[in-house]
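Chemist: Any chance you can model this:
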Amino acid sequence: MKTDKSILPEKRFFTLVEMIAAMAVMIFVALIIGTASMSFYNTWARTGKITSFLKSAQAIDRIADNYFRNMIPFKWKDEEDNNKEKFVFEGKSDSILFTALRRSHGGDKGGLIFIKLYVENDELIAEYSPYPFLPWEEEGVHETKKEVITSNVASISFLYAERDDEEDSGMEFLEEWEEEEHEAIPLAVQMTVTWKNGRKEQWLRRTAGTSKYSTLGYRQTPTLD
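Modeler: The predicted structure is shown next:
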């Protein structure tokens with residue numbers, strides 16, 4: 001039996017123009033998808049960097065607000081120097097050791113905490129101890145608790161404020177704080193953190209008390225009749 005070829009569907013081939021148009025559409029769609037994916041990835045990466053930086057900044061804020069603001073003068077006897085009382089404070093250009101007040105919770109050993117801040121292997125480290133860090137003693141005498149505040153840090157630097165009546169602002173900032181030249185701890189401390197990507201941020205906080213210029217309670221200025 002013969003099949004009538006006239007009733008079979010006619011075969012139709014794509015023309016060159018149609019194929020080029022189809023490929024163009026596919027390339028255009030792929031371009032849109034690729035652009036959207038790249039934009040999404042870049043946004044995600046930027047968001048991750050911002051989130052990471054905010055976490056680091058908040059961690060440093062916590063140190064500055066909780067401890068710099070509560071920094072107080074505290075003295076301890078140096079047995080090797082005729083039991084001379086010295087401040088438990090050491091202000092260097094790239095590290096700081098100080099005493100601060102804290103809230104005493106269950107299990108805490110007193111309302112004082114002794115803190116040291118420094119950079120080690122691109123990490124900003126805070127060391128805590130309920131016992132005094134004595135600058136004149138060797139390290140490792142007391143057991144301490146270490147906390148990594150943030151990482152990817154290139155360096156930190158400190159400035160220490162003291163009263164200077166000759167300056168217009170009444171303040172002078174020093175890179176080092178030598179106890180022999182001062183009667184108390186600094187009026188304020190500024191910490192500058194430099195990250196490995198070159199970004200710099202500063203934290204400036206006034207200390208809780210300097211013993212020379214701070215008093216507790218109300219002091220009335222005497223007047224002449």
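
Chemist: average pLDDT across stretch 206-218?
Modeler: Stretch 206-218 carries an average pLDDT of 59.

Chemist: just stretch 93-101 next, same as before
Modeler: Within the predicted structure, the mean pLDDT of stretch 93-101 is 93.

Chemist: Tell me which residues of that stretch come out buried.
Modeler: Ser95, Ile96, Leu97, Phe98, Thr99, Ala100, Leu101 (16 or more other C-beta atoms under 10 Å). Backbone N, C-alpha and C define where each C-beta goes, glycine included.

Chemist: Same check on stretch 111-130?
Modeler: For stretch 111-130, burial by neighbour count (16+ other C-beta under 10 Å) applies to 112-117, 119, 124-130.

Chemist: before we move on, what about stretch 32-43?
Modeler: Per 16+ other C-beta under 10 Å, stretch 32-43 contains no buried residues.

Chemist: list the contacts for the closest residue to Arg206 other than its chain neighbours?
Modeler: Distances taken as C-beta to C-beta, 6 or more residues apart in numbering place Ala188 nearest to Arg206, at 4.5 Å, with adjacent residues excluded. Taking C-beta atoms under 8 Å, 6 or more residues apart in numbering, we find Ala188 in contact with Tyr160, Ala161, Met171, Leu204, Arg205, Arg206, Thr207.

Chemist: any idea how far Ala188 lies from Ala161?
Modeler: Distance of Ala188 to Ala161, computed by C-beta to C-beta, to the nearest Å: 4 Å.

Chemist: now do Trp76
Modeler: 24 Å.

Chemist: centroid residue for the protein?
Modeler: In the chain, the residue lying closest to the centroid (C-alpha atoms, centre = their mean) is Ile60, at 3.2 Å.

Chemist: ok, of the contacts of Ala188, which come out buried?
Modeler: Buried subset of the contacts of Ala188 (neighbour count, 16+ other C-beta under 10 Å): Tyr160, Ala161, Arg205, Thr207.

Chemist: Nearest to Thr150 among the residues you listed?
Modeler: Nearest to Thr150 among those: Arg205, at 17.3 Å, using C-beta to C-beta.

Chemist: surely Tyr128 meets Phe114?
Modeler: Yes: with contacts counted by C-beta atoms under 8 Å, Tyr128 reaches Phe114, the gap being 7.2 Å.

Chemist: quick one, helices of the protein?
Modeler: Under the criterion DSSP state H, the chain contains helices at 16-63.

Chemist: okay, and for it, where does confidence drop off?
Modeler: Low-confidence segments of the chain (pLDDT under 70): 1-14, 44-45, 47-50, 104-110, 138-142, 165-169, 209-225.

Chemist: those strands in the chain, which residues are they?
Modeler: Using DSSP state E, the strands of the chain run over residues 75-78, 84-87, 90-91, 96-101, 112-120, 123-129, 145-151, 153-163, 171-174, 188-195, 200-206.
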